[in-house]
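K.L.:
Everything below, folded, please.
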Amino acid sequence: MTGLARELGRQVGVLLTREGVVRHVVVGDADRLMLPDIGRLRGGAGRFRGLRLVHCHLRDEPISADDLNDLALLRLDMVAVIQALADGLPGAAEVAYLDPAALAGRDGEAHRDPLVHLRARNVQALDLDAAATMAALEDEFARVLHRARGSDDAERALVIGVRSNDAHFEETLELVRSAGVVVAATARQRRGRVHPKTVVGRGKLQELILEGMRRNAEVAIFDIDLKPAQARAFEDATGMKAIDRTQLILDIFAQRAHSRDGKLQVELAQLRYSLPRLTDKDAGLSRITGGIGGRGPGETVLEIGRRRIRDRIAQLEGQVAKLSRQRDLRRRRRRQQGIPVLSIIGYTNAGKSTLLNALTHSEVEAADRLFMTLDPTTRRLRFPRQGEVIFSDTVGFISELPPDLVAAFRATLEELGDADLLVHVADASDPAVDDKIAAVGQLLGDLDLVSLPLLMVLNKSDRADPRTLEGLCRRYDAVPISALQRRGLGTLIETAEARLASRSAQ
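P.N.:
Sure, this is the predicted structure:
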């Protein structure tokens, strides 16, 4: 191989299996090799590619940055470089491989060099049994990862921030925790634009692979939405499952949906999201099927999968439309009875369910987590002068709510259109409260609900800075309360009753 490299004036390399079988022969230029597509990783934590790269350098240089990138990005077993001397004979040899102990070490070991280098003056002096070394390393990697995981069976995620907005990234972290996923590590990359193929740059990609292996991360969660091709390219490069913001929110909704209505709407949103992302891999490869009397080659399994999803979407859309008609019937009955409806809206985790519980002495599930309420909840309350009213708790809003989710939940959100008063609850202690109020307002505009009367309520006022709270109250003509401590509820009821009376007088 070294003789051939000298004769051609190009780097020559081979990809070997652990049995020593040549899988690929690669010819580059004088400075580098371009490796072929060698497919997806073998499954399982702590697994390497099962291939090692052995190639020649024409100059007297050590393993290059490109070699180390290939080692990390492709998760090769090893990379070996042999110097091709001027007479075509092999010279100095160097081998590098990933060190499981450093990759999967605890925090105190997190900065250890994850690469092991072996050097020898010539190939004959290199004492290395590659197959036995890799088998031992994989066993060690599996033991260390198992010990690091312990008894925790929750998925571990590497959360990746691509946007420069810190508040947006913190919200993504809260979404991950609300989904019941362990945040194994975080990473940020502020780019002028997202890489069109792998989202992050090549250098950052290598860091993410090593960090994912080090932290035993199974999934990578991004704070942006990914194109299907970007998600597949990232998964191919890292071996981690790529999840974007929309899929994360859909997963949370799937966990929270308890009623038949909610489950139907979540399934509809999930199918709309997954249809353009269905690949041959998901559909069981691209086998050709056909039936008796069929013409041509028939449908591929992928096409069948897509057709079944489209059929299921059509079925669910019919059921959701039926639900919409049933809801409309119930709303008409309420209007005939003359009972005012107050819909509690607001950004997720602002305290809407806690407010409903405080006002009506209910026990609606409430927690300091995003999207705890998914299924609409209604309770009756008697106002001092107005008499009986209905309070309705709705799903929380969030900035850039996925369009598929908005479309699927339109049957639920359209109930807001018949509300006599929207009670917009915001977290007064949140530094990003203005942005979140604006996000709710934008979604109301998208739903054509900006003409409805609205009462702004600043919850968690006991946690807010008094001067900041005063400024917010003036800016939004808001009522400050603490639903958890039941402060300000009397003022809230009086204000809401006055707004209802003003609406009735018009």
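K.L.:
Number of residues surrounding Ala5?
P.N.:
Neighbour count for Ala5, taken as other Cβ atoms under 10 Å: 24. The C-beta positions use only the backbone N, C-alpha and C, and glycine is treated the same way.
K.L.:
got a pLDDT number for it?
P.N.:
Per-residue confidence (pLDDT) for Ala5: 92.
K.L.:
So it sits against Gln11, correct?
P.N.:
Yes. Counting by Cβ atoms under 8 Å, Gln11 is a contact partner of Ala5 at 6.2 Å.
K.L.:
Now stretch 418-435: buried residues?
P.N.:
Residues 418-430, 432-433 are the ones in stretch 418-435 that count as buried (16 or more other Cβ atoms under 10 Å).
K.L.:
among those residues, which two are most distant?
P.N.:
The most widely separated members of those, counting by Cβ to Cβ, are Asp418 and Ser429 (31.8 Å).
K.L.:
quick one, strands of the stretch 51-200 of the chain?
P.N.:
Taking DSSP state E, counting those that start in this stretch as the test, the strands found in the stretch 51-200 of the chain are 51-57, 78-84, 90-98, 115-120, 156-161, 182-188.
K.L.:
Including mean neighbour count and mean pLDDT, could those go into JSON lines?
P.N.:
Formatted as JSON lines, the strands of the stretch 51-200 of the chain follow (neighbours: other Cβ atoms under 10 Å; pLDDT from 0 to 100):
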{"stretch": "strand 51-57", "mean neighbour count": "24", "mean pLDDT": "92"}
{"stretch": "strand 78-84", "mean neighbour count": "23", "mean pLDDT": "92"}
{"stretch": "strand 90-98", "mean neighbour count": "20", "mean pLDDT": "90"}
{"stretch": "strand 115-120", "mean neighbour count": "15", "mean pLDDT": "86"}
{"stretch": "strand 156-161", "mean neighbour count": "24", "mean pLDDT": "91"}
{"stretch": "strand 182-188", "mean neighbour count": "17", "mean pLDDT": "89"}
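K.L.:
now the ones you listed in TSV, with distance to Ala65?
P.N.:
Below are those laid out as TSV (distance: least, Cβ to Cβ, whole Å):
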stretch	distance to Ala65
strand 51-57	13
strand 78-84	12
strand 90-98	11
strand 115-120	12
strand 156-161	22
strand 182-188	20
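K.L.:
what's the closest of those strands to Met213?
P.N.:
Nearest to Met213 among these is strand 90-98; the distance by Cβ to Cβ comes to 7.3 Å.
K.L.:
just the buried residues of stretch 418-435 now: which is nearest Gly201?
P.N.:
Of all the buried residues of stretch 418-435, Gly201 sits closest to Ala432, with 28.4 Å by Cβ to Cβ.
K.L.:
pLDDT value on that closest one, please?
P.N.:
With respect to pLDDT, Ala432 scores 89.
K.L.:
Name all residues that make contact with it.
P.N.:
Ala432 makes contact with Ala167, according to Cβ atoms under 8 Å, 6 or more residues apart in numbering.
K.L.:
where does it fall, phi/psi-wise?
P.N.:
The phi/psi pair for Ala432 (degrees, to the nearest 10) reads phi -100, psi 30.
K.L.:
Grab the longest helix from this protein for me.
P.N.:
Ordering each helix of the chain by length in residues (DSSP state H) puts helix 301-337 first.
K.L.:
residues near the nearest residue to Lys204 once chain neighbours are set aside, how many?
P.N.:
Leaving aside its chain neighbours, Lys204 sits nearest to Gln189 (5.0 Å; criterion: Cβ to Cβ, 6 or more residues apart in numbering). Using other Cβ under 10 Å, Gln189 is surrounded by 19 other residues.
K.L.:
separation between Gln189 and Ala132?
P.N.:
38 Å (Cβ to Cβ, to the nearest Å).
K.L.:
so how far is Ser392 from the residue nearest to Lys204?
P.N.:
Where Ser392 is concerned, Gln189 sits at a distance of 42 Å (Cβ to Cβ).
K.L.:
do the same with Ala5
P.N.:
Relative to Ser392, and taking Cβ to Cβ, Ala5 is found at 75 Å.
K.L.:
And Leu452, by the same measure?
P.N.:
According to Cβ to Cβ, Leu452 stands 13 Å off from Ser392.
K.L.:
Now for those two: what residues contact both?
P.N.:
Residues touching both Leu452 and Ser392 by Cβ under 8 Å, 6+ apart: Ala419.
K.L.:
Correct me if wrong: Val457 contacts Leu422.
P.N.:
No. Using Cβ under 8 Å, Val457 is not in contact with Leu422; the gap is 10.4 Å.
K.L.:
What is the nearest of the buried residues of stretch 418-435 to Pro480?
P.N.:
Among the buried residues of stretch 418-435, Ala428 lies closest to Pro480 (Cβ to Cβ), at 6.6 Å.
K.L.:
Enumerate every residue touching the closest one.
P.N.:
Applying Cβ under 8 Å, 6+ apart, we find Ala428 in contact with 458-461, 463-464, 468-469, 472, 480.
K.L.:
need the residues you listed in CSV with pLDDT, can you?
P.N.:
Output for these, formatted as CSV (pLDDT from 0 to 100):
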residue, pLDDT
Leu458, 96
Asn459, 95
Lys460, 94
Ser461, 94
Arg463, 92
Ala464, 93
Thr468, 94
Leu469, 94
Leu472, 95
Pro480, 96
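K.L.:
looking at the strands of the stretch 51-200 of the chain, which is closest to Val22?
P.N.:
strand 51-57 (9.6 Å).
K.L.:
Which elements pack onto that closest one?
P.N.:
Secondary-structure packing of strand 51-57 (3 or more Cβ pairs under 8 Å, 6 or more residues apart in numbering; DSSP states H and E): strand 12-17, helix 65-73, strand 78-84.
K.L.:
Many thanks, I have nothing further to ask.
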